[in-house]
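S.K.: no sequence on this one, just coordinates:
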């Protein structure tokens, strides 16, 4: 992937209804800002049970958005990443309709994971309660097929999303067909969605097993032979994220968003600096995505402590609820359907109480850490919580999935905080220091000093969490200067503390 900021967006939620309107934005007001665009599911259909993550046909572009030729044209101007939804397929898919009609006589019988295929000798209560769940309830749905047969299907997420047996020849052929289609139309990177749940094995948690790592490796090798890099999406304990990073091209730094929020809220850089010292370098740095703000990523698991103590996590969640004036509480946990047990649903801008200075500071930290920064379309526009969409759908994550028409995009781009964010993006993209070496300066617990150097060029971020003041300094033509931002006056950003750099 290019060492430039990436955009992650739904095709139909940023500026219009299709690929052509998105391409016009990327060649117009957003020209030159992004090295890669991650297109969230654009498959048929985009408006299913889970916003496109339950495809009926994973190799077909939803006609309301455009066609594969539009993807090819876009890929000629910017690198394109797309999702491979590894774990499941829609109950409305032609494969399942054939299976429902013919039952065990269907050629797709082995494609769909059943209780019987995981537990051929039956499952005890302790077997089922040991299964790791991202949502409440059991991962099973009893169905009566059109053939009259009754089966118990594995459904990790919703009853509409039927899990695939990725070890069955039909499952392998299904996934390989997706990869080959993507490669043929110029897609250069893929994200393995929900891959942590792909392998189920009796007597285990059915999440991130040794066999899961093997499967990820096999899929990664196939993608590489087709000219595509692989990003793995897994929310889990930070040690597992480090392990995943050693085996694939790219991982998400999902620990970063809650750690940055905690540092700002609690006026300390202690836990953030501890993470920076051990985090993988082959990471996409994020503050927001199409999902919520992860908490599990910095919490403890059954065997290991977390990056932040439990009481700190509780305070973090409550502060987000307070900063968002209770809106995030209405979209999180048992308050909303299609929920995730480990995330707070809120835009990052509202999680900070719409504080422009803190928001830009958080983005500066994101852009300064090693890896490739990825910005979610709502975050790009410093978007607030969409309470109307949440009320209409009752789905918690929709609070952070606003539909922007073209006029709204242009209005948002005129706001000082967004103009400042674009300035930060351009600096991160073009300054030569970010192609060089990264250092964390030694400083007090409440301060943070990050520096990139390449020859005589450098970029420096200094922050004092005790006062909330920060400064970004960089060279231009050999001369040092501070970045001037409209929404964060310089006199409010000047930290004063001692830093020692190792040479």
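M.R.: Looks like it arrived, so ask away. If you're wondering where the values come from, they're calculated on a predicted model, not measured in any experiment. Residues are numbered from 1 along each chain as shown.
S.K.: CA atoms for contacts and neighbours, from now on please.
M.R.: Fine.
S.K.: Now do the same contact list for the nearest residue to residue 385 once chain neighbours are set aside.
M.R.: Leaving aside its sequence neighbours, residue 385 sits nearest to residue 399 (CA to CA, 6 or more residues apart in numbering; 5.2 Å). Contact analysis of residue 399 by CA atoms under 8 Å, 6 or more residues apart in numbering lists 331, 345-347, 385-387, 389-390.
S.K.: Wait, a helix at residue 452?
M.R.: No: with DSSP: H, G, I helix; E, B strand; the rest coil as the criterion, residue 452 is located in strand rather than a helix.
S.K.: what about it, how many residues close to it?
M.R.: Each residue near residue 452 was counted by other CA atoms under 10 Å, and the total is 23.
S.K.: circling back to that earlier point, ok, now how distant is the residue nearest to residue 385 from residue 28?
M.R.: To residue 28, residue 399 is 28 Å away according to CA to CA, to the nearest Å.
S.K.: can you list the domains in the protein?
M.R.: When the chain is parsed with automatic domain parsing, its domains come out as 94-162, 434-492.
S.K.: Can you lay out those as JSON lines showing distance to residue 204?
M.R.: As requested, the domains of the chain are arranged in JSON lines below (distance: least, CA to CA, whole Å):
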{"stretch": "domain 94-162", "distance to residue 204": "7"}
{"stretch": "domain 434-492", "distance to residue 204": "40"}
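S.K.: between these, which gets nearest to residue 320?
M.R.: If you check each of these against residue 320 by CA to CA, domain 434-492 wins as the nearest, at 17.3 Å.
S.K.: So what's the model's average confidence on that closest one?
M.R.: Domain 434-492 comes out with an average pLDDT of 89.
S.K.: Just checking the distance from it to the centre of its chain.
M.R.: Distance of domain 434-492 from the chain centroid (CA atoms, centre = their mean, to the nearest Å) equals 26 Å.
S.K.: Then stretch 284-302?
M.R.: Centre-to-centre, stretch 284-302 and its host chain are 9 Å apart (CA atoms, centre = their mean).
S.K.: and that stretch, average pLDDT?
M.R.: The average pLDDT within stretch 284-302 is 92.
S.K.: buried residues in that stretch?
M.R.: 284-300 (16 or more other CA atoms under 10 Å).
S.K.: again, but for stretch 425-435
M.R.: 425-429, 431-434.
S.K.: and residue 261, what helix or strand is that in?
M.R.: If you go by DSSP states H and E, residue 261 is part of helix 256-266.
S.K.: how would you label residue 66: helix, strand or coil?
M.R.: coil.
S.K.: contacting residues around it?
M.R.: Residue 66 touches 18-20, counting by CA under 8 Å, 6+ apart.
S.K.: can you give me phi and psi for it?
M.R.: phi 140, psi -150 (degrees, to the nearest 10).
S.K.: Can you check the pLDDT for it?
M.R.: 97.
S.K.: separation between it and residue 294?
M.R.: Residue 66 is 33 Å from residue 294, by CA to CA.
S.K.: Ok, residue 149 next?
M.R.: From residue 149 to residue 294 the distance is 40 Å (CA to CA).
S.K.: And residue 158, by the same measure?
M.R.: Residue 158 is 20 Å from residue 294, where distance means CA to CA.
S.K.: Strands along the stretch 51-200 of the chain, start to end?
M.R.: 57-61, 79-85, 88-90, 140-144, 150-154, 161-163, 189-193 (DSSP state E, counting those that start in this stretch).
S.K.: for the stretch 351-500 of the chain, same thing?
M.R.: Under DSSP E, counting those that start in this stretch, the stretch 351-500 of the chain gives strands at 372-376, 437-440, 447-454, 457-464, 469-476, 479-482.
S.K.: buried residues in the third one?
M.R.: By neighbour count on 16+ other CA under 10 Å, the buried set for strand 447-454 is 447-453.
S.K.: Ok, the fifth one next?
M.R.: Using 16+ other CA under 10 Å as the test for burial, strand 469-476 gives 469-475.
S.K.: what angle sits between that strand and strand 447-454?
M.R.: 10 degrees (axes from the mean of the first three to the mean of the last three CA atoms, to 10 degrees).
S.K.: swap in the first one?
M.R.: Computed by the same axes, to 10 degrees, the angle separating strand 372-376 from strand 447-454 equals 120 degrees.
S.K.: pLDDT on strand 372-376, on average?
M.R.: For strand 372-376, mean pLDDT rounds to 98.
S.K.: In its sheet, which strands sit next to that strand, and in what direction?
M.R.: strand 6-9 (parallel), strand 283-285 (parallel) (DSSP bridges).
S.K.: Output the below-cut-off pLDDT ranges for the protein.
M.R.: Within the chain, the segments meeting pLDDT under 70 span 334-341, 488-495.
S.K.: wait, residue 17 sits on residue 46?
M.R.: No: using CA atoms under 8 Å, residue 17 is not in contact with residue 46, being 11.0 Å away.
S.K.: So between those two, which is more surrounded?
M.R.: residue 46 (24 against 19).
S.K.: element containing the more buried one, please.
M.R.: Residue-wise, residue 46 maps onto no helix or strand under DSSP H and E.
S.K.: measure it to residue 39 for me?
M.R.: 12 Å.
S.K.: one step back: quick one: which of the strands paired with strand 372-376 is nearest residue 170?
M.R.: Between the strands paired with strand 372-376, strand 6-9 lies closest to residue 170; by CA to CA that is 30.8 Å.
S.K.: could you point out which element follows that closest one?
M.R.: Trace forward from strand 6-9 with DSSP H and E and the next one is helix 19-27.
S.K.: What are the buried residues along that following helix?
M.R.: So, applying 16+ other CA under 10 Å, buried residues of helix 19-27: 19-23, 25-26.
S.K.: Next up, the contacts around residue 129.
M.R.: Contacts of residue 129 (CA under 8 Å, 6+ apart): residue 138.
S.K.: Could you measure from the residue nearest to the spatial centre of the chain over to residue 60?
M.R.: In the chain, the C-alpha nearest the mean C-alpha coordinate belongs to residue 289, at 4.4 Å (CA atoms, centre = their mean). Noted for residue 289: a distance of 24 Å to residue 60, by CA to CA.
S.K.: Repeat that for residue 464.
M.R.: Counting by CA to CA - residue 464 and residue 60 are separated by 50 Å.
S.K.: Looking at the two, which has the bigger crowd around it?
M.R.: The residue with more neighbours, out of residue 464 and residue 60, is residue 464; 25 against 16, by other CA under 10 Å.
S.K.: The more buried one: what's its closest spatial neighbour, skipping adjacent residues?
M.R.: Per CA to CA, 6+ apart, closest to residue 464 is residue 447, 4.5 Å.
S.K.: That neighbour and residue 271 touch, don't they?
M.R.: No: in this structure, residue 447 is not within contact of residue 271 by CA under 8 Å, at 11.5 Å.
S.K.: who does the residue lying closest to residue 82 once chain neighbours are set aside bridge with?
M.R.: Spatial nearest neighbour of residue 82, chain neighbours left out: residue 190 (5.0 Å); criterion: CA to CA, 6+ apart. Judged by DSSP bridges, the bridge partners of residue 190 are residue 82, residue 230.
S.K.: List the contacts of residue 190.
M.R.: 81-84, 228-231.
S.K.: before we move on, what about residue 156?
M.R.: 133-134, 138-140, 162-163, 197.
S.K.: out of those residues, which one sits closest to residue 4?
M.R.: Comparing the contacts of residue 156 against residue 4 with CA to CA places residue 197 closest, at 30.5 Å.
S.K.: wait, that closest one sits on residue 85?
M.R.: No: Residue 197 is beyond contact range of residue 85, at 11.1 Å (criterion: CA under 8 Å).
S.K.: Against the centre of this structure, work out the most remote residue.
M.R.: The centre of the chain is farthest from one residue, residue 148, which by CA atoms, centre = their mean lies 40.3 Å away.
S.K.: list the contacts for residue 149?
M.R.: Shown in contact with residue 149 (CA under 8 Å, 6+ apart): residue 103.
S.K.: Alright, calling it a day.
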